[in-house]
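the sequence isn't on hand, but the structure is:
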């Protein structure tokens, strides 16, 4: 947030306190079942490859490595019964790609300035 613009409607209140006014408890349960099953695999593969010493990850992510990660998760998950609902091979692969990129972007997000907690 820019220091010259007031925070409407709660001027003078830090942005982090605004989270107390929003109830997001039900949103996590709204994810589809396939997300809850694939996301742990995506997190596992990102933990495995996203290491500081990996030259294919830092300073820039190699797109071929992302494809390898997608293929690894895809091969592990396609045999599961819930994955059979995706008759088109590309849809399930696209979902895995989106989840991997989202996970990698979340790991590289910089912390905001001004709040030290």
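That came through, no problem. All of these numbers come straight from a predicted model, not from anything done at the bench.

the helices in this structure, which residues?
Along the chain, counting by DSSP state H, helices occupy 33-49, 63-77, 89-107.

looking at residue 22 now. What's its pLDDT?
On the pLDDT scale, residue 22 is placed at 68.

again, but for the one 3 residues further on
We note a pLDDT of 72 for residue 25 in this prediction.

which of the helices of the chain sits closest to residue 27?
For residue 27, the closest of these is helix 33-49, at 12.1 Å, according to Cβ to Cβ. Using the backbone N, CA and C atoms, a C-beta is placed for each residue, glycine as well.

my guess is residue 50 meets residue 101, correct?
No: the criterion here is Cβ atoms under 8 Å, and residue 50 misses it with residue 101 at 12.0 Å.

grab the nearest non-local neighbour of residue 101.
What sits nearest to residue 101 in space, not counting adjacent residues and going by Cβ to Cβ, 6 or more residues apart in numbering, is residue 66, at 7.0 Å.

one step back: okay, the helices of the chain in CSV with mean neighbour count and distance to residue 24 next?
Output for the helices of the chain, formatted as CSV (neighbours: other Cβ atoms under 10 Å; distance: least, Cβ to Cβ, whole Å):
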stretch, mean neighbour count, distance to residue 24
helix 33-49, 15, 16
helix 63-77, 16, 27
helix 89-107, 15, 16
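
could you dump these into JSON lines with distance to residue 83 and mean pLDDT added?
Below are those laid out as JSON lines (distance: least, Cβ to Cβ, whole Å; pLDDT from 0 to 100):
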{"stretch": "helix 33-49", "distance to residue 83": "7", "mean pLDDT": "91"}
{"stretch": "helix 63-77", "distance to residue 83": "5", "mean pLDDT": "91"}
{"stretch": "helix 89-107", "distance to residue 83": "6", "mean pLDDT": "87"}
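
quick check: closest non-adjacent residue to residue 39.
Sequence neighbours aside, residue 99 is the residue nearest to residue 39 in space, at 6.2 Å (criterion: Cβ to Cβ, 6+ apart).
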